[in-house]
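1. Predicted model follows, preceded by the sequence.
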Amino acid sequence: MSLPALVPGTELVGEFEDSGYREPPHLVCRPDGQVVRLPALLYQLARALDGQPLERVAEQLSRETGRGFTAEHIVFLIDKKLVPLGLTTYSDGSPPPPTRKSDPFLAFRFRLAVLPQRVTWFLSGLFAWLFHPVPVLAALGTFAGGEVWLWMTQDSGAALRAVLTSPADVLLVVLLAIASCVFHEMGHGAACRYGGARPGAMGCGIYLVWPAFYTDITDSYRLGRAGRIRADLGGVYFNALFVLGLLALYVPTGNPLLLVAILSVHLEMIQQLLPTLRFDGYYIVADLVGIPDLFKYIGPILKRFVLRRPQDERLRALKRWPQVVVAVWVMFLVPALTLQLGMVLVNLPQLLRSDWRTAGLLVTRAGTAGFPVLGTVSACLQIVLLTLPVAGLALALGRPVRSLVRLALRRRRTRVRAGRGPESLRSGPRGGHLK
């Protein structure tokens, strides 16, 4: 019989630094890049599986923990705890079943890697120096001065009207916005490498219904709180650098196209900093409190503070101040998403009519433009941009709405059963049997 061992490619990272849990978990990186959190006991067991017989593993674990373990205990922990996570072979040495990555709520699912890890590592190294304190302070100071000058002296409305009348300018603005998104992702990778972690692949895909780019910085979990937040803010920081580059071109030329491109980058920065969906703002809050997945605490927080139920195990496992921050985030998130959904539903007929009229005007202008091909492409892009917000919000809120409906139906069925129970107990000639 073969001895149990870690799955080849599994890395024992260590304790999750600055976590929001009362008992800090330990991190293990699977060969597929998924980071798994383990309690201290299971992490010690995984570390002890170094080609040793089960009896010696039990002795070592007993010595390290001060508790008594036998070979049977080790078999149970391996087969029932570690193997389902895809970290080890079975206790008899047989390979574990295939594992799938977790599917968290509102995650980025539809994606395609474009640049492999080695290329991302190389490109990140070219820009990592920008996170030294001197370049950061210089860039942020210049950005702040440029913002004051831009908003106090420039007419962005006139620039926007001028660009919208030119299909070629619209396409160039879209291309610059895409370039800004790519540079944003490079910022995440560079910040990750600067902190000592290894960025993964870069690619593109669809987040809900929006086209999006991504950089795999899962390895940043091995960093402390400051390193993780730096990696989260690296994208917005690189957006600011991109704005400085556009400003350097706009000041001598005064081209309205560049001013509109700057405005589009600002919108991207604002969107990324929102802590609602899984944008950068969400991960900043999560890394600030040291809790990787905030969405799974929506139910426990609502039950605790709205329904006045006792705390469940997930909340009791959190430290006091992270629990307060998560509660505030949930109390902000739920009304915000509910308000957005309500506004969309109320204004949906008018919004659809307006979008339909705008789409018709865009098609008409495209046919009469001097450049019919560019006009058609520009019109199609603008029509897609018109429809994406409604479709994206509906898709984003569809799952929580279904969950709330199911919860309400479940509670109603529970109340109905509870109401019928005593009646049958009283009316039956021999009472009832309650399970």
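-> Perfect, thanks for sending it. Residues are numbered from 1 along each chain as shown.
2. what ranges do the strands span in the stretch 51-200 of the chain?
-> Using DSSP state E, counting those that start in this stretch, the strands found in the stretch 51-200 of the chain span residues 110-115.
3. low-confidence ranges in it?
-> For the stretch 51-200 of the chain, the stretches with pLDDT under 70 are 101-106, 109.
4. just the stretch 301-435 of the chain next, same as before
-> 344, 347-348, 351-352, 355, 359, 362-363, 365-379, 381-404, 407, 414-435.
5. and V326, how many neighbours?
-> 22 (other C-beta atoms under 10 Å). Using the backbone N, CA and C atoms, a C-beta is placed for each residue, glycine as well.
6. Please report how far it lies from V285.
-> Per C-beta to C-beta, to the nearest Å, V326 is found 8 Å from V285.
7. Mutual contacts of these two, please.
-> With contacts defined as C-beta atoms under 8 Å, 6 or more residues apart in numbering, the residues shared by V326 and V285 are L294.
8. helix, strand or coil for the spatially most central residue of the chain?
-> In the chain, the residue lying closest to the centroid (C-alpha atoms, centre = their mean) is R278, at 3.5 Å. Secondary structure, DSSP: H, G, I helix; E, B strand; the rest coil: R278 is coil.
9. That one touches Y214, doesn't it?
-> No: the criterion here is C-beta atoms under 8 Å, and R278 misses it with Y214 at 10.3 Å.
10. Can you pull the residues that touch both of these two?
-> Each of F108 lies in contact with both R278 and Y214 under the rule C-beta under 8 Å, 6+ apart.
11. G203 in helix, strand or coil?
-> G203 - assigned by three-state DSSP - is strand.
12. Just give me the neighbour total for it.
-> Neighbours of G203 (other C-beta under 10 Å): 19.
13. Equivalent analysis for G205, please.
-> 16.
14. Now do the contacts for it.
-> G205 touches 108-112, 211-212, 214, counting by C-beta under 8 Å, 6+ apart.
15. hmm, try it at 10 Å
-> Contacts here follow C-beta atoms under 10 Å, 6 or more residues apart in numbering; on that basis G205 touches 108-114, 211-214.
16. Apart from its chain neighbours, what residue comes closest to it?
-> Counting by C-beta to C-beta, 6 or more residues apart in numbering, G205 lies nearest to R111, which is 3.1 Å off, once chain neighbours are set aside.
17. before we move on, what about A336?
-> A336 sits nearest to T276 (C-beta to C-beta, 6+ apart), 6.1 Å away.
18. Now the one you found. Its backbone dihedrals?
-> phi -90, psi -80 (degrees, to the nearest 10).
19. ok, back up a step: list buried residues within the contacts of G205.
-> Buried members of the contacts of G205, scored by 16 or more other C-beta atoms under 10 Å, are 111, 212-214.
20. from these, which two are the most distant?
-> Greatest spatial distance in the buried ones among the contacts of G205: R111 and F213, 9.1 Å, computed using C-beta to C-beta.
21. Now for these two: what residues contact both?
-> Both R111 and F213 are in contact with 203-205, 207, where contact means C-beta under 10 Å, 6+ apart.
22. okay, H266: pLDDT?
-> pLDDT, H266: 96.
23. Work out for me the element it sits within.
-> helix 256-273 (DSSP states H and E).
24. For that helix, name the packing helices and strands.
-> Packing partners of helix 256-273 (3 or more C-beta pairs under 10 Å, 6 or more residues apart in numbering; DSSP states H and E): helix 133-153, helix 156-164, helix 167-195, helix 225-253, helix 280-289.
25. I'd like these as a markdown table, with distance to M343 appended.
-> Listed next are the helices and strands packed on helix 256-273 as a markdown table, based on distance: least, C-beta to C-beta, whole Å:
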| stretch | distance to M343 |
| --- | --- |
| helix 133-153 | 27 |
| helix 156-164 | 24 |
| helix 167-195 | 25 |
| helix 225-253 | 26 |
| helix 280-289 | 20 |
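26. Output those helices as TSV; include the columns mean neighbour count and distance to V330.
-> Converted to TSV, the helices and strands packed on helix 256-273 look like this (neighbours: other C-beta atoms under 10 Å; distance: least, C-beta to C-beta, whole Å):
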stretch	mean neighbour count	distance to V330
helix 133-153	12	31
helix 156-164	15	36
helix 167-195	22	26
helix 225-253	20	20
helix 280-289	21	11
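27. Among those helices, which comes closest to P8?
-> Ranking the helices and strands packed on helix 256-273 by proximity to P8 (C-beta to C-beta) places helix 167-195 first, at 24.5 Å.
28. which residues touch V182?
-> With C-beta under 10 Å, 6+ apart, V182 has these contacts: 114-115, 202, 204, 213, 215, 238, 242.
29. try 6 Å this time
-> By C-beta atoms under 6 Å, 6 or more residues apart in numbering, the contact set of V182 is empty.
30. any idea how far L315 is from it?
-> On the measure of C-beta to C-beta, V182 and L315 end up 40 Å apart.
31. sorry, back to before: do I have it right that the residue nearest to G205 meets G203?
-> Yes: counting by C-beta atoms under 6 Å, R111 touches G203, with 5.5 Å between them.
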